[in-house]
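>>> model this:
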Amino acid sequence: VLDASLAWSLPAGAGARAEVSLRVTNLLDERYAAGGYMDWDDDGGLSPRFVPAATRGYSTQLTVAR
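This is a model prediction of the structure:
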């Protein structure tokens, strides 16, 4: 799984700075199981159950500091 982050720092006037950042999780949109367990199925047998991981996700942030 590949995650990536980028950040840009810019002057915001009067000595302040602004930073804009972008984070992308699971950049390649890989399909995989984050976990799993065994459970009984309708016929009374054990059956594996998988918990899928999240697909590609994005988040952004804006920070302004003096």
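>>> Quick check: the residue nearest to W40 when sequence neighbours are not counted vs P52, distance?
Spatial nearest neighbour of W40, excluding adjacent residues (CB to CB, 6 or more residues apart in numbering): L46 at 6.4 Å. The C-beta positions use only the backbone N, C-alpha and C, and glycine is treated the same way. Noted for L46: a distance of 20 Å to P52, by CB to CB, to the nearest Å.
>>> T60 too?
The gap separating T60 from P52 is 25 Å, by CB to CB.
>>> tally of neighbours for R23?
Residue neighbour count, defined by other CB atoms under 10 Å, stands at 15 for R23.
>>> hmm, who's touching the helix or strand that contains it?
Using DSSP states H and E, R23 sits in strand 17-25. The contact list for strand 17-25 (CB atoms under 8 Å, 6 or more residues apart in numbering) reads 1, 3-12, 54, 56-65.
>>> now swap in stretch 29-45 and tell me
Residues from elsewhere that reach stretch 29-45 (CB under 8 Å, 6+ apart): 1-2, 46-56.
>>> Repeat the analysis, applying 7 Å as the threshold.
Defining contact as CB atoms under 7 Å, 6 or more residues apart in numbering, one finds that stretch 29-45 is touched by V1, L46, S47, P48, R49, F50, V51, P52, A53, T55, R56.
>>> how much distance is there from stretch 58-66 to the middle of the chain?
Here stretch 58-66 is found 17 Å from its chain centre; the criterion is CA atoms, centre = their mean, to the nearest Å.
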